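Chemist: Build me a model from this:
(chains A and B)
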Amino acid sequence: MMYFYTYALIVTYFMASLGLFSASLVETIETPFIASVGTAVFISLIFNIKRKKPLPSYLWTIAAVVVLLLFVLDYLSASSSIITSAARFLAILLALKLFDVNRERDYIVVYSIVFFQILACAASTVSPLFFLILFLFTAGSIWAMIIYNLRKDLQEGLRVNPAGPPVVFGMPFFVTVMATSAVSLIITLMLFLILPRTGAGLFDFKTLNSVKLTGFSERVAPGVLGPLKKDPTVVMRVQTKGVKDASRLRHLRGVSLDRFDGAAWTRSIKESVVVRRGPSGSFAVGRPAPSMMELEIMLEPTDSDVIFAPPNPVRLEGKFSNIWLDPSGGMRLPAAPFYRVDYRVWSSASTAPDNGRVRGEYLDTSFMGAGPFARRITALLKVILKDKETDMEKARSIEAYLKTRYSYSLEPKKGDGVNPVDDFLFYSKEGYCEHYASAMAALLRGAGIPSRVVTGFLPGEWNGYGNYFIVREQDAHSWVEAYMKSSGWTTFDPTPEAGVAPVRGTSALALYMDFLRLRWNRHIIHFSLSDQRRLAHGVEDGSYRLYTRLRSAAGGGRAAGAMALNAAALAIAAFLAMVLVKSLMRGRPRQSKTPKFYEEMVRLLKKKGLSRMPGETPLEFAMRTGNPLVMEVTVFFQAERYGLRTLSGYDLVRAKMTVEALKKGLSP
Amino acid sequence: MKFKEASKQIAALTSNLSMVIKGKPDVIGLAVTALLARGHLLIEDVPGVGKTTLAHGLAKSINCGFQRIQFTSDLLPSDVIGVTVYNQAEHSFDFRPGPLFANIVLADEINRATPRTQSALLEAMNDRQVSVDRVTYPLPRPFMLLATQNPVEYAGTFPLPESQLDRFTICLKVGYPDSVYEREIIRSRPVDAVEDLLPVVSVEDVGRMQELARTVEVEEDLVSYILSIAAATRSHRGIRLGASPRATKALYTAAQAFALASGRDYCIPDDIKSLAVPVLAHRLIPSERAADDGVEGARHLMEEILSGVNVPV
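Modeler: Coordinates of the predicted model:
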């Protein structure tokens, strides 16, 4: 036989473990701390099961005050993060409170602590597990609430032994719980969708760790991307409009570098312009083109201010105040972002000629000097560019030569060249994207074609669950842009397939989890005012359409339509008022001393045409019905009604079950 | 004494009595109820249905003092309660207790005695004491008077006055037994059966059970029910004199006793309803038309009243 105490204990410890779980999600909380608090919770469980003499409650009050002081100290000295300190404080408080659960009030305190723990967790985690915790907490609170109320009802309303009925959790109970959960979920959803969400939340702290992005600074030496090529940290996720766009997406462009000093590529063209938000709410960064590819990019917080986009971006939409645009098409934020940056970018599918104004920096070959390196380049170019006429032909042949004659390696051997490019081209003949791109840019300049090295990302791994690319550090890439007289700045990628083939092998589950995480971030955490506005517009449009349709259906013009609408509104209002009044009436305390199960049986029998005469005693009535079940219920009824008996939970349940059986037996 | 123990003893008493009064569980129940309610019992029926057997059986089962007084028209009060005689040896007046000084007294054919003798029982029944020559002598406890009267023979009888009828908690009819039981009665040796009865309850236990009966729970609405029944008898057109407060009090205590005898520690409406006739009917004075039927008429009136009084649910 289960007792209410057991139920309450189970729910309480379920909630407590949720609280601990959410505390463990707070990244700055150490595992040993969670483990020790968990041990304390476990000890309290044993303590509660044994039901020793309860500790005096002033002990808890004293302990709470001490812990509060420690919390203040912790905040001021050690952690200096209110979230971390609060999470620690709450965890200790919870463990202490579990030693002092005697009255209803104490249970409510425990649940409140868990609630605040979840709140603290919400402010500091991006884990999708949080959603699970929230859901379990909601369900758990509903259960706790119902158990609490049931106990209260049985104790006060029906004068029932608090030991409690063993099997109250029948079908109606289950249905009630489910209905309550559903209703609260709907209300929550409504609140979530309707309440205005402006700016950053109260608990929006800088808690995400920035991704270290080397290779996107002012100076990039060949070889820096090498270590990156093994790092699976996610840098961004790129959502395409469709699979067609996905197949067209080849590069996510970051910055372009124009000057090679023999050791590293740098950006010598420093000037850039500020692009401000246009009237449409977006940033115009390029010339509009007929065919555009739309991407939504969720960029993780990085230590770089570079914005990534496919080549030839046209328009940008996102939550930033302004954008710095350099002449080569590189885009930067005013500062490196602390949060995940979510933006949409439209880029032209084709390149456009640039009116032939190419700056001299792109033709600078001073890095070659006049030594053997320059001579070797010239000799090599002679071989590659034999019989090649146009810029395009020359560029393609250099690209093809590098692609086929050099082998891809992430750990190239060191040669005797004067610089990394010399090493790659003439000595080791192996390297990765940076070497290929540097070499091609050098060769192009040697051939008199303006060129620059571009660093950015390959699209990375395709996640079919959400139709987006997961771009990781290892997808960092560099390639070349060359100026073609016919088509302007054109992208060339001399790296062989081995270097650009996306890394696969992520498990389906991991992909799915990543997808869930993305959804959670996009639709819950970043559900914004503009989303609400969009939703409101949709509702407005829909209702307007409905209104016009109603009006036209009424046929009698505007007045009739308005009248019909008014009548409908009035009817709804009247109905709501009726429901309200009815529920208020029902809410009044019952005057009758008759137990509910007996009343229900009387109702059932009345439906069958059997009703007790005024002078008939319940027992006589039961005998008249000749039904043994009625007799059984009547005996229980008498004990409670006349015997002022606190019917034991077991008897109460039996009485109720007998009424249920009677219901089934009486129904045809 | 606990209810469980009491139930056990009452069950023993009932089964003991059912050995001599066959096929009449209601009668036995009422007799036990009267005993537990510290009441007196008036058995009204034709001769030969077991009135005396019931009284005798009850006395034998309890292992207590039992006296039988055959009431006749020349019976004097002193024959019942006792007499003071001069003790020559000690030169003093000694009180010689009469047959009333017993735990259970059977007053057979009580309506044959003169009103003078009948009234001699009044003090004994109500106060459980007798006063002789300014000296009051307490009667033994428990004290229970079982009286019988024959409703058919009216010749040479003195109908009991209302005041005395009111002092009988329960008035019951034994009635003829079913043929099955009658056959059994014929086959058995009735006199021996009563003589063979063994006491199953002690006098002390009866006292304790009587105490316990007083603690039986009567819900407030059931008290209202009793009051409604009493009010109905007082306002009924066919009744000249309704139930007295003594009657309602008797109904209350009898209901408690009946509940205890039924193995409950709380009353239910059925206790009151089923006791209303045996407790109240004999106290009512029907108006002219109904009076012709005597107590039987009052019983019908009572049943009519009960069907009209709302049972609290």
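
Chemist: so which strand or helix has B:Leu227?
Modeler: If you go by DSSP states H and E, B:Leu227 is part of helix B:220-235.

Chemist: residues in contact with that helix?
Modeler: For helix B:220-235, the external contacting residues (CB atoms under 8 Å, 6 or more residues apart in numbering or on different chains) are A:593, A:642, B:239, B:242-243, B:247-248, B:251-252, B:255, B:267-269, B:272, B:276, B:280, B:284, B:302, B:305-306, B:308-312. Where you see a C-beta, it was placed from the backbone N, CA and C, and this is true even at glycine.

Chemist: Can you give me the neighbour number for A:Lys663?
Modeler: Counted with other CB atoms under 10 Å in any protein chain shown, residues neighbouring A:Lys663 total 15.

Chemist: Not counting its neighbours along the chain, what's nearest it?
Modeler: A:Leu604 (5.8 Å; CB to CB, 6 or more residues apart in numbering or on different chains).

Chemist: how much space is there between the residue nearest the centre of chain A and chain B?
Modeler: Centroid-nearest residue in chain A: A:Trp520, 2.4 Å away (criterion: CA atoms, centre = their mean). Distance from A:Trp520 to chain B, counting by CB to the nearest CB, to the nearest Å: 58 Å.

Chemist: for A:Ser487, same thing?
Modeler: For A:Ser487 relative to chain B (CB to the nearest CB), the value is 97 Å.

Chemist: Residue in chain A with the shortest distance to chain B?
Modeler: Nearest to chain B, among the residues of chain A, is A:Gly643, at 3.4 Å (CB to the nearest CB).

Chemist: give the contact list for the residue lying closest to that residue once chain neighbours are set aside.
Modeler: In this structure, A:Gly643 finds its nearest non-sequential neighbour in B:Tyr266, 3.4 Å apart by CB to CB, 6+ apart. Contacts here follow CB under 8 Å, 6+ apart; on that basis B:Tyr266 touches A:Gln638, A:Ala639, A:Tyr642, A:Gly643, A:Leu644, A:Arg645, B:Val216, B:Glu217, B:Val218, B:Glu219, B:Ala259.

Chemist: If we use 7 Å, what do you get?
Modeler: Counting by CB atoms under 7 Å, 6 or more residues apart in numbering or on different chains, B:Tyr266 makes contact with A:Tyr642, A:Gly643, A:Leu644, B:Val216, B:Glu217, B:Ala259.

Chemist: pLDDT value on it, please?
Modeler: Looking at B:Tyr266, its pLDDT stands at 87.

Chemist: Next: A:Gly215.
Modeler: A:Gly215 is given a pLDDT of 62.

Chemist: What residues of the helix holding B:Leu227 count as buried?
Modeler: Buried residues in helix B:220-235, counted by 16 or more other CB atoms under 10 Å in any protein chain shown: B:Leu222, B:Val223, B:Tyr225, B:Ile226, B:Ser228, B:Ile229, B:Ala230, B:Ala232, B:Thr233.

Chemist: And the helix or strand following it, how far out from the chain middle?
Modeler: Per DSSP H and E, helix B:220-235 leads on to strand B:239-241 as the next helix or strand towards the C-terminus. Relative to the centre of its chain, strand B:239-241 is centred 23 Å away, using CA atoms, centre = their mean, to the nearest Å.

Chemist: Now for A:Glu616, which secondary structure element holds it?
Modeler: For A:Glu616, there is no enclosing helix or strand under DSSP H and E.

Chemist: For it, give me its contacts.
Modeler: By CB under 7 Å, 6+ apart, the residues touching A:Glu616 are B:Val311.
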